[in-house]
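*Asks:* I'll drop the sequence and a predicted model, then ask my questions.
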Amino acid sequence: MCVLSKTEHSSANAGFSVTTQLRNDTHMRNIFSRACLTAALFGAALGASPPGEYRRRVEAVRRIPGLVAFWDFVRRDGGRFAAWQPPGDHHDFRLDAANYVRDYWGEGREASYADFLLAGQGPFGQAVRFRAETDPSFRPLLLVPRARLHDSGLDAKGPGRSVSMAVWLLHEGGNHAIAGIWHEGTDLRTAPSPARRVEPGRRQYALFAGLAANEGAVAAHVSENGGASFGDRYARNLAVTPEKMPAGRWCAAAFSFDARRGTVTAYLDGKADDYWIEHPENHPFYQWAAKAWLQAELRRQPGIQPGEETDFPAAQFYRPPETHPLSRKVVERRGSERVELRVYRYTKVRETLRKDRREPLKRELVALRANPFWFGHNLYAPPTAAEGGPFTIGRVIHSGRSVGWTGLVGGVAVFDRALPASRMRRLAAAGREPIPPPE
């Protein structure tokens, strides 16, 4: 059986060593054992990988146009994980270790690099594990502080700014945040005690493990205002894959936000399969977008309609383009009326029409497209560094203080453009199988 037992991981440039003890972790021991048997996670030996293979994989990512930052968890600077950047860029994107519960609630101990177990292998030679911490006052994460990323390429925001991100990971459990700029705020009363440091949401973009949209899938979250959407208390603009991340093996989770097209697309292993949510008004996550669509529909009609919420904020209506249907089909006739099912690019609508009227008598949302998802806004642009959030990996700052997502992260790359599907396939292929650290 292949088990890491008090294996010391060190780097000549690290300035520190991390001692790992995985024998007492039953769940990960089982995952590692299965992975060893299939040679998917660990090889037969824990020797160093050929330098050429490591360089080839890193260069495959670095050659993708628009790269802003790429953490492979091998490259270090001053003892911290450092990012590959384009030639000429020298931002300080080194990752700090932090316990956000201590930072915002004043509870728990400080986090250090010793709290992040290293796997000894990964898609690029190394990986960091985020565990299901049992101490409710300890929620460690890796982050680039806002002061070091504000107005950089990592800070995708404002008019015309697109962004893409890829994370190579082994999903263990949970459905919450994996990486991104997604400070959910500490102002919501969902924690056991109020935060000492109260801040509103400062969301921009992030990858999640499905949330309630499709738990265990790849989900791409974006925000136009840093806070809530569609009249809810939480952000609800999200694209999600229909497939879930595989258990016990490495995969590539990614997304692309195209500001010109107004779309967010989630990718799993280089594929962005189409995903429609039927009866979205009953869905645990997309009910909020369905409600915002309905309120926009009621508001456009003269007078106050039954079910209309007159105080619903117009800025949070959900109005994807519905000018020209891709297809239309008569599903019912009754007297002078007919009912058509009209399929638009991001919605399916049941419309009741009459010959003597140009406008439909009634429109009902039948289905909503969750991948790609329509997002006709700019990404939230914090006016100052003090009003923005950090870039975090493994977790995000939020009032719920839940364990969130757990698993191994072996690479994170951010790009300053909307990458096409062909580039997403190349990114997925770059880290398809794990390798040991380079010599």
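*Replies:* Received the coordinates, thanks.

*Asks:* the helices in this protein, which residues?
*Replies:* Using DSSP state H, the helices of the chain run over 26-38, 51-62, 100-105, 287-299, 421-430.

*Asks:* any idea how far R369 is from S137?
*Replies:* Using C-beta to C-beta, to the nearest Å, R369 is found at 41 Å from S137. The way it works is simple: take the backbone N, C-alpha and C, and place the C-beta from them, glycine included.

*Asks:* more neighbours: these two, which one.
*Replies:* Set side by side, R369 and S137 show more neighbours around R369, with 22 against 15, by other C-beta atoms under 10 Å.

*Asks:* OK, contacts around the residue nearest to the more buried one when sequence neighbours are not counted?
*Replies:* Using C-beta to C-beta, 6 or more residues apart in numbering and skipping the chain neighbours, the partner closest in space to R369 is Y346 (4.4 Å). Each residue near Y346 by C-beta atoms under 8 Å, 6 or more residues apart in numbering is listed here: P320, P321, L368, R369, P372, F373, W374.

*Asks:* re earlier: out of the helices of the chain, nearest to P436?
*Replies:* helix 51-62 (9.1 Å; C-beta to C-beta).

*Asks:* switch the contacts of Y346 over to JSON lines; also include distance to R357 and pLDDT.
*Replies:* Shown next, in JSON lines, are the contacts of Y346 (distance: C-beta to C-beta, whole Å; pLDDT from 0 to 100):
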{"residue": "P320", "distance to R357": "24", "pLDDT": "98"}
{"residue": "P321", "distance to R357": "22", "pLDDT": "97"}
{"residue": "L368", "distance to R357": "26", "pLDDT": "98"}
{"residue": "R369", "distance to R357": "28", "pLDDT": "98"}
{"residue": "P372", "distance to R357": "33", "pLDDT": "98"}
{"residue": "F373", "distance to R357": "32", "pLDDT": "98"}
{"residue": "W374", "distance to R357": "27", "pLDDT": "98"}
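
*Asks:* select only the buried ones of those in PyMOL?
*Replies:* Typed into PyMOL, the line below selects the buried ones among the contacts of Y346, using 16 or more other C-beta atoms under 10 Å:
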select buried, resi 320+368+369+372+373+374
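
*Asks:* partner residues bridging the residue lying closest to P360 once chain neighbours are set aside?
*Replies:* Nearest non-adjacent residue to P360, counting by C-beta to C-beta, 6+ apart: E351, 4.3 Å away. E351 has these beta-bridge partners by DSSP bridges: E340, R363.

*Asks:* re the thing from before, and the helices of the chain as CSV, adding mean neighbour count?
*Replies:* Formatted as CSV, the helices of the chain follow (neighbours: other C-beta atoms under 10 Å):
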stretch, mean neighbour count
helix 26-38, 16
helix 51-62, 16
helix 100-105, 21
helix 287-299, 21
helix 421-430, 18
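
*Asks:* gap between stretch 77-87 and the chain center?
*Replies:* 22 Å (C-alpha atoms, centre = their mean, to the nearest Å).
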